[in-house]
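Trainee: everything below, folded, please.
(chains A and B)
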Amino acid sequence: MEEEAWMPFKLGLRVVLPCAALVALPAQAHHSFAMFDNTRSVTLSGKVTEYRWTNPHAFVELDADDGKGGTKHYTLECTSPNMMSRGGWSSRTVKVGDMVKAVMSPLKDGQPGGLLLILTLPNGKEMLPGVPNAERYKITS
Amino acid sequence: MAARRWALGACLAGAWMIGVGAAAPERHPDFSGTWQRYPAPGTKADPRYAPSGIPDPQLKPEYRAAWEAGQKILKERLEESQPAGDNYVHCIPDGMPAMMMGMFPMEIFQRGEQINITQEAFSQTRRIYMNQKLPKWDEVDPGFYGTAVGHWEGDTLVIETTGIKQNVTFRWTPHSEAMKITERIRLIAPDILQDRITIEDDYLEKPWTYSYSFKRMNGYKLQEYVCEDNREYIGEDGKTHLRINK
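Mentor: Predicted coordinates:
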């Protein structure tokens, strides 16, 4: 079990990881990611309303463009701050008011939220939250 | 004259004692510092330092059926990327012996009379009191980390632990409150630590033994881990959901 699933930053091949010292560490699923639909992704653009640097997982709250001139609120789950920190994130990586692009695996139950796969910061940097078995989450959007 | 001889003798004896005193403290290897599980993700272990792998526990027949049913569920969960156990879902630490799997880095803090092992996950800390007698299981209040004592056998730190709560399990393996965990920890290379774990219990037909390896991390500092914002919950449908902000 914990011998597998050690690929937290596998997506990193296609994005720039800004961290100086990426320490590769085990990232077994210790929280449920089964509630997310990993067969498709949704891409959102909008304004960050909250960034919670908390355990067990960090969250980005986003007011995303709904494509009709309005916004819709989404909750984006990340992984744990220690893993994210080893992947180059900090409690200050995202700020309230930041205009970001987010790729997520949506919640299966239809609630407006999902598992964050890639976050593009205002400066264009793409950040990965180090989702365990990231290769299993299809990016279709 | 006699006094001078005595003084000289005392002096020599003192010098001898200082000499002995300097050499007397046994030199033990220093495990202090931060460690991560070896081999590192995506790398192959040098066979000399590889962990043993974990065999199935040899449970007595009366416990086996329930354990096997549990393993089936566990396997399905893992395939779905669901949590391996229930503790983390409820923001509860692993406890012993599961915490030694070291999902995240761990720190060893070593003093002559006490050694602490802290896991980054949930800031779990074990306190190992050196050269004390292991209490009987029913003399201590069971907990997550139990009561642990240690001693050195040459370069090997031997830790005995008892007093683990019955609801604190590793791989959903049932055990009695009398379960005893014995670990033999030693450096098998300058920067590789091996922990050989042996679990003895009345629920087992024979002791359950496996090992982990850890690699020294240079300069890494453990991060705080307080489980303060658990948004996962099991709904009435029996499935895991996320509490979202509307």
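
Trainee: the closest residue to A:Met127 other than its chain neighbours and chain B, how far apart?
Mentor: The shortest distance from A:Met127 to any residue other than its chain neighbours is 4.7 Å, reached at A:Leu119 (C-beta to C-beta, 6 or more residues apart in numbering or on different chains). For glycine as for every other residue, the C-beta is placed from the backbone atoms N, C-alpha and C. Between A:Leu119 and chain B the computed distance is 17 Å (C-beta to the nearest C-beta, to the nearest Å).

Trainee: let me know the helix or strand that A:Leu119 is in.
Mentor: Secondary structure from DSSP states H and E places A:Leu119 in strand A:113-120.

Trainee: list the buried residues in stretch B:28-46.
Mentor: Using 16 or more other C-beta atoms under 10 Å in any protein chain shown as the test for burial, stretch B:28-46 gives B:29, B:31, B:33-39, B:41.

Trainee: and residue 6, what's its pLDDT?
Mentor: I'll assume chain A. Predicted confidence (pLDDT) for A:Trp6: 37.

Trainee: please refer instead to chain B.
Mentor: For B:Trp6, pLDDT reads 56.

Trainee: next up, the contacts around the spatially most central residue of chain A.
Mentor: Chain A has A:Leu116 as the residue nearest its centroid, 2.5 Å off, counting by C-alpha atoms, centre = their mean. Contacts for A:Leu116 (C-beta atoms under 8 Å, 6 or more residues apart in numbering or on different chains) come out as A:60, A:76-78, A:102-104, A:129, A:131.

Trainee: which ones, among the buried residues of stretch B:28-46, also lie beside chain A?
Mentor: Restricting the buried residues of stretch B:28-46 to those touching chain A (C-beta under 8 Å from any C-beta of the partner chain) yields B:36-37, B:41.

Trainee: quick revisit: neighbours of the residue nearest to A:Met127, just the number please.
Mentor: Number of residues near A:Leu119 (other C-beta atoms under 10 Å in any protein chain shown) recorded here: 24.

Trainee: ok, then the element right after the helix-or-strand element of chain A with minimal mean pLDDT?
Mentor: The helix or strand of chain A with the poorest confidence is helix A:81-86; it has a mean of 93 (mean pLDDT, DSSP states H and E). The helix or strand immediately downstream of helix A:81-86 is strand A:99-106, counting by DSSP H and E.

Trainee: so does that next one get close to chain B?
Mentor: No: Strand A:99-106 does not reach chain B (C-beta under 8 Å from any C-beta); its nearest approach is 10.7 Å.

Trainee: from chain B, which residue is nearest to chain A?
Mentor: Nearest residue of chain B to chain A (C-beta to the nearest C-beta) works out as B:Pro41 at 3.3 Å.

Trainee: and which of the ones next to chain A among the buried residues of stretch B:28-46 is nearest to A:Thr140?
Mentor: B:Pro41 (26.3 Å; C-beta to C-beta).

Trainee: sec struct for the closest one, please.
Mentor: In three-state terms, and counting by DSSP: H, G, I helix; E, B strand; the rest coil, B:Pro41 is coil.

Trainee: same question for B:Tyr210.
Mentor: Classified using three-state DSSP, B:Tyr210 is strand.

Trainee: doesn't B:Ile54 make contact with it?
Mentor: Yes: using C-beta atoms under 8 Å, B:Tyr210 is in contact with B:Ile54, at 4.4 Å.

Trainee: now the contacts of A:Leu116 as a markdown table including neighbour count?
Mentor: Listed next are the contacts of A:Leu116 as a markdown table, based on neighbours: other C-beta atoms under 10 Å in any protein chain shown:
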| residue | neighbour count |
| --- | --- |
| A:Val60 | 23 |
| A:Leu76 | 26 |
| A:Glu77 | 26 |
| A:Cys78 | 26 |
| A:Ala102 | 23 |
| A:Val103 | 23 |
| A:Met104 | 28 |
| A:Pro129 | 25 |
| A:Val131 | 29 |
